[in-house]
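> whatever this is, show me its structure:
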Amino acid sequence: MVGSIEVHTQNGSVNNKSSCGGGGGMEERLDELRHLLGKAEGDVLRIVGVGAGAWGSVFAAMLQDSYGQFREKVQIRIWRRAGRTVDKATAEQLFEVINSREEVLRRLIRRCAYLKYVEARLGDRTLLADEILKDGFCLNMIHTPLCPLKVVTNLQEAVWDADIVVNGLPSTETREVFEEISLYWKERITVPIIISLSKGIEAALQPLPHIITPTQMINRATGIAMDNILYLGGPNIASEIYNKEYANARICGAEKWRKPLAKVLRQPHFIVWDNSDLVTHEVMGGLKNVYAIGAGMVAALTKESATSKSVYFAHCTSEMIFITHLLAEEPEKLAGPLLADTYVTLLKGRNAWYGQMLAKGELNLDMGDSISGKGMIQGVSAVGAFYELLSHSSLSMLHPEENKPVAPVELCPILKTLYRILITRELASQGILQALRDETLNDPRERIEIAQTHAFYRPSLLGQPS
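Below you'll find the predicted structure:
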């Protein structure tokens, strides 16, 4: 007799799948990965997400939807800090979401979890972010219910025996958390695999100006070799991926791990390619966030003028192309992925939203760059990092028209303006329009020609030998 198991799908409904045939090719991919990791029969593969922002939560939920049925082979959990409360306004929105989705409502009633949301709606109870995540609600994305997740609030318990750790933290928190994790790994015999989803950078100016990416932070904090650390990113919006909108991503790193991981992560609606160029793709993921903030400002200040937004897009893409010529020996290979990621971020990303809210006066810089309901706005710190790097005197180059040495940032007026708005606060948001209307501003085409016809490549910016 063939047994059946109850499987919770992404929307909370229940399917009965044959325990012999429900997984098909997915189980084979999982077995291949288990074999590579040396997992014996009965030894569960432990995957844990660290950080429960929108993308980190969706990533864990996608794994749970796909592989949670193979309970004897894999365990999927997610860690988030305990104690974060859900304010009453969010609790009210959450209650509306629950009651508008019959399958979610039935799931909560079946799990005896509905009453607490009623009490929170009435103001009789305060919900916690970790308890609603167990029911499938990410605090940064409450309008997209996920499947129920196994949530851990003790970091040591979450990671000490994990085989695969998924970094869903902002870049600004990655180093601190992984330094703590390294304390729990001192006695480890096996070496874990780490997949970083984080898009952001830091700048270091000594001994030479260079970029520090989240994977490099993890490497330095834990001592885990870069061969065991990968980056996954692409032009996507977390909620749309979970709702099965077609999307793609790249997993970058050592071939031994990236190819089997790409197989495991690939789904009909989520195509995962693999690439060896880890750090450059990671940096590009941070670069587009810089210009997304400015795009949001332009959209708000011009009442969504298509003409004004296209002018901004021309200038910001020319600056990004210029910067990629500094960072990459073959920058043309990055043009497609970078522009695609920039495009989707400008359309619907949190950094563009943040720029809009600043320009409308609904947010201000004193509120910080961690915004309730949105999470960390990583473009703010990235503006500071790229400006610091590209303004350093050691990177000076000969200006092709003025025939004098200048720092690269002098050829990036949009970046300079964003720095003066967001970091030094010399300018109001309207300064971004003044920068676009500056009569001395070069044709974007000329900036691209300068990049393509001059030897600007600086391998030291990515910590590589010159």
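
> within the helices and strands, which one has the most centrally placed residue in the chain?
For the chain, S198 is the residue whose C-alpha lies nearest the centre (C-alpha atoms, centre = their mean; 4.3 Å). In the assignment (DSSP states H and E), S198 maps to no helix and no strand.

> could I get the full set of strands for the stretch 51-200 of the chain?
Taking DSSP state E, counting those that start in this stretch to define them, one finds strands in the stretch 51-200 of the chain at 74-79, 150-152, 164-167, 193-196.

> among these, which is nearest R250?
Comparison of the strands of the stretch 51-200 of the chain against R250 by C-beta to C-beta identifies strand 193-196 as nearest, at 11.9 Å. For the C-beta atoms, the positions are set from N, CA and C on the backbone; glycine is no exception.

> give the buried residues for the closest one.
If you call a residue buried by 16 or more other C-beta atoms under 10 Å, then strand 193-196 has these buried ones: I193, I194, I195, S196.

> ok, of these, which one's closest to L390?
The closest of the buried residues of strand 193-196, once distances to L390 are taken by C-beta to C-beta, is S196, at 23.9 Å.

> pull the contacting residues for that closest one.
Contact partners of S196, counting by C-beta atoms under 8 Å, 6 or more residues apart in numbering, are V166, N167, T174, P214, T215, I218, I229, L230, Y231, L232, E282.

> phi and psi next, for the residue nearest to the centre of the chain.
S198 adopts backbone torsions of phi -80, psi 130, taken as degrees, to the nearest 10.

> so who does the closest residue in space to A254 that isn't next to it in sequence touch?
Using C-beta to C-beta, 6 or more residues apart in numbering and skipping residues adjacent in sequence, the residue nearest A254 is D227, 4.3 Å away. Neighbouring residues of D227 by C-beta under 8 Å, 6+ apart: G253, A254, K256, W257.

> in helices only, show me those.
If you go by DSSP state H, those have K256, W257 in helices.

> ranking the contacts of D227 by neighbours, who comes first?
Counting neighbours by other C-beta atoms under 10 Å, the top entry in the contacts of D227 is G253, with 29 neighbours.

> ok, R425 - how many residues close by?
10.

> these two touch, right, it and L365?
Yes: R425 is in contact with L365 according to C-beta atoms under 8 Å; the separation is 6.3 Å.

> rewinding a little: min pLDDT across the contacts of S196, which one?
Going through these one by one, the lowest pLDDT turns up at E282, 89.

> dump the strands of the stretch 51-200 of the chain to JSON lines, plus distance to E92.
Formatted as JSON lines, the strands of the stretch 51-200 of the chain follow (distance: least, C-beta to C-beta, whole Å):
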{"stretch": "strand 74-79", "distance to E92": "25"}
{"stretch": "strand 150-152", "distance to E92": "23"}
{"stretch": "strand 164-167", "distance to E92": "31"}
{"stretch": "strand 193-196", "distance to E92": "35"}
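
> those: which one's closest to F95?
Closest to F95 of those is strand 150-152 (C-beta to C-beta; 20.4 Å).

> so where do the strands sit in the stretch 351-466 of the chain?
Taking DSSP E, counting those that start in this stretch, the strands of the stretch 351-466 of the chain run over residues 370-371, 375-376, 397-398, 405-406.

> winner for burial among these?
Each of these was scored by mean neighbour count; the highest is strand 375-376, a mean of 22, by mean count of other C-beta atoms under 10 Å.

> now do that one: distance to the chain's middle.
On the basis of C-alpha atoms, centre = their mean, to the nearest Å, strand 375-376 sits 10 Å off its chain's mean C-alpha point.

> what mean pLDDT does that strand have?
Rounded mean pLDDT across strand 375-376 is 86.

> could you pull out the helices for the stretch 351-466 of the chain?
Along the stretch 351-466 of the chain, the stretches classed as helices by DSSP state H, counting those that start in this stretch are 378-390, 413-422, 431-436, 444-453.

> let me have the ones you listed in TSV, extended by mean neighbour count and distance to A300.
Converted to TSV, the helices of the stretch 351-466 of the chain look like this (neighbours: other C-beta atoms under 10 Å; distance: least, C-beta to C-beta, whole Å):
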stretch	mean neighbour count	distance to A300
helix 378-390	24	15
helix 413-422	23	13
helix 431-436	19	10
helix 444-453	15	22
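
> out of those, nearest to Q93?
Nearest of the helices of the stretch 351-466 of the chain to Q93, taken as C-beta to C-beta: helix 378-390 at 24.3 Å.

> check which helices and strands the closest one sits against.
On a contact count with 3 or more C-beta pairs under 8 Å, 6 or more residues apart in numbering; DSSP states H and E, helix 378-390 meets helix 171-184, strand 202-204, strand 210-212, helix 278-301, helix 306-327, helix 350-360, helix 413-422.

> tell me the most buried of the ones you listed?
Mean neighbour count (mean count of other C-beta under 10 Å) peaks for helix 278-301 among those, with a mean of 26.

> what's the closest of the helices and strands packed on helix 378-390 to I432?
Closest among the helices and strands packed on helix 378-390, using C-beta to C-beta: helix 278-301, at 4.8 Å.

> CA-only coordinates of that closest one in CSV, if you can.
Extracted in CSV, the C-alpha atoms of helix 278-301 (Å, rounded to 0.1, in the frame of the first residue of the first chain):
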residue,chain,number,x,y,z
LEU,A,278,31.2,36.0,-7.4
VAL,A,279,32.5,39.3,-6.2
THR,A,280,31.8,41.4,-9.3
HIS,A,281,28.2,40.2,-9.5
GLU,A,282,27.9,40.9,-5.8
VAL,A,283,29.2,44.5,-6.2
MET,A,284,26.8,45.1,-9.1
GLY,A,285,24.0,44.1,-6.9
GLY,A,286,25.0,46.9,-4.5
LEU,A,287,25.7,49.5,-7.2
LYS,A,288,22.1,49.5,-8.7
ASN,A,289,20.7,50.4,-5.2
VAL,A,290,22.7,53.6,-5.3
TYR,A,291,20.9,54.9,-8.4
ALA,A,292,17.5,53.5,-7.5
ILE,A,293,17.1,56.0,-4.7
GLY,A,294,17.7,58.9,-7.1
ALA,A,295,15.2,57.4,-9.5
GLY,A,296,12.6,57.4,-6.8
MET,A,297,13.3,61.1,-6.1
VAL,A,298,13.0,62.0,-9.8
ALA,A,299,9.7,60.1,-10.1
ALA,A,300,8.2,61.9,-7.1
LEU,A,301,9.5,65.4,-7.9
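
> and that helix, how far out from the chain's middle?
12 Å.

> quick one: contacts of stretch 175-188?
50-51, 155-156, 159-160, 165, 167, 169, 192, 217-218, 220-223.

> and with 6 Å instead?
Contacting residues not belonging to stretch 175-188 are listed as Q156, V159, W160, L169, M217, I218, A221, T222 [C-beta atoms under 6 Å, 6 or more residues apart in numbering].

> same question for stretch 232-246.
Taking C-beta under 6 Å, 6+ apart as the rule, stretch 232-246 contacts 54-55, 58, 141, 144, 195, 197, 247-251, 269, 285, 340-341, 344, 348.
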